[in-house]
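[1] With the sequence up front, the predicted model follows.
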Amino acid sequence: MNGRISDRFHGVLSRRELLGAASTTACIFAFGAMAGASGGAPPQTLPPLPYAANALEPVISANTISFHYGKHHKAYIDNLNKLVEGTDLAGMPLEKIIAATAGKSDKVAIFNNAAQAWNHAFYWQSLKPNGGGEPPAALKQKIDSSFGSLDACKKELAAAATGQFGSGWAWLVLEGGKLKVVKTSNADNPMTQGMKPLLTIDVWEHAYYLDYQNRRADYVGAVIEKLINWQFAAQNLGGK
Ligand code: MN
């Protein structure tokens, strides 16, 4: 994994950062080996990006991705590992940590970092180079029956993403057999309310500010038209 990340970020992160990332990974592996030997749980790891850092240009720059993935997403993973080290939550799948900490006032920091770790991995997969276009047939049918048309669905998604006040996320979800668009604040994830996420758009300023500054609507519009990964949403919908 380390080699793949290094390859993807070659030319984006500096040599010093790459060496830093390599030694961090080496430490994680060493720690994992020690934890395994003593019966402890392995820490969470940063999943690889599903494409190169510059693959979403010109809609999202390699510069934005290098900070967003290499710094922000990585920090959520690192913070989570520190927060759960030595607790029952260490080594649990992210979904279980999210479910176990949602709404608990003494577990807010763990929830925030676990949910942000999950949300970002889901966001990277919700985008793809040359995305947008027509959803696969089964998803298209579900969109038509839930929203009336693909255009109506896209308009609702754009409205949720641009209308979220402050940091948060816009989601296409499945609930009670129908598709819905919802928005959440900060790290919140609709799975804590019994909904099944199909795709998401990150509307934290760090997702777009380097490329679009305050023009969130332009970022959202370009993502929906040119990057959105309907195939990923269709996979998440499954046979339902
Ligand atoms: Mn983000």
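    Thanks, I have it. Numbers count the residues shown, from 1 in each chain.

[2] Which residue is the nearest non-sequential neighbour of His120?
    Nearest residue to His120, sequence neighbours excluded (CB to CB, 6 or more residues apart in numbering): His73, at 4.3 Å. C-beta coordinates here come from the backbone N, C-alpha and C atoms, glycine included.

[3] and the gap between that neighbour and Asp88?
    25 Å (CB to CB, to the nearest Å).

[4] still on that earlier bit, from what I see, the residue nearest to His120 and Gln44 are in contact.
    No. Counting by CB atoms under 8 Å, His73 stays clear of Gln44, with 11.2 Å between them.

[5] anything in contact with each of these two?
    Counting by CB atoms under 8 Å, 6 or more residues apart in numbering, the residues touching both His73 and Gln44 are Ala117.

[6] Neighbour count: His73 and Asp88, which is higher?
    A count of neighbours by other CB atoms under 10 Å puts His73 above the other of His73 and Asp88, at 23 against 10.

[7] And the residue nearest to Trp204 when sequence neighbours are not counted, what's its pLDDT?
    With sequence-adjacent residues excluded and distances taken as CB to CB, 6+ apart, Trp204 is closest to Ser167, at 4.4 Å. The model reports Ser167 with a pLDDT of 97.

[8] Can you get me a residue count around Ser167?
    The number of residues near Ser167, taken as other CB under 10 Å, comes to 15.

[9] do the same with the one 10 residues further on
    As a burial measure, Gly177 scores 9 neighbours (other CB under 10 Å).

[10] What spatial separation is found between the residue nearest the centre of the chain and Asn112?
    By CA atoms, centre = their mean, the chain has its centre lying nearest to His120, at 1.8 Å. Remark: distance between His120 and Asn112 (CB to CB) = 12 Å.

[11] Over to Tyr208?
    Tyr208 sits 21 Å away from Asn112, taking CB to CB as the criterion.

[12] Can you pick out the residue with more neighbours from these two?
    Taking other CB under 10 Å, Tyr208 and Asn112 do not tie; Tyr208 has more neighbours (25 against 18).

[13] Residue numbers of this protein in contact with the ion?
    Residues of the chain found near the ion, taking CB under 5 Å from the ion as the criterion, are Asp202, Trp204, Ala207.

[14] change it to 8 Å
    Of all the residues in the chain, those in contact range of the ion (CB under 8 Å from the ion) are His68, His72, His73, Gln116, Asn119, His120, Tyr123, Asp202, Trp204, His206, Ala207.

[15] All the helices of this protein, residue numbers only.
    Under the criterion DSSP state H, helices of the chain are mapped to 2-9, 15-37, 62-67, 74-84, 94-101, 108-126, 137-147, 150-163, 209-212, 216-226, 230-237.

[16] so Ala115 makes contact with Pro190?
    No. With contact taken as CB under 8 Å, Ala115 and Pro190 are classed as non-touching, separated by 10.7 Å.

[17] The two: which has the busier surroundings?
    The residue with the greater number of neighbours, taking Ala115 and Pro190 and applying other CB under 10 Å, is Ala115; the counts read 26 against 21.

[18] The residue nearest to that one when sequence neighbours are not counted and Thr162: what is the separation?
    By the measure of CB to CB, 6+ apart, the closest residue to Ala115 outside its immediate chain neighbours is Ala187, 4.0 Å from it. From Ala187 across to Thr162, the span is 20 Å (CB to CB).

[19] More neighbours: these two, which one.
    Ala187 (22 against 18).

[20] quick one, phi/psi of the more buried one?
    The phi and psi values for Ala187, taken as degrees, to the nearest 10, are phi -100, psi 0.

[21] for Asn214, same thing?
    Dihedral angles phi and psi of Asn214 (degrees, to the nearest 10) take the values phi -90, psi 0.
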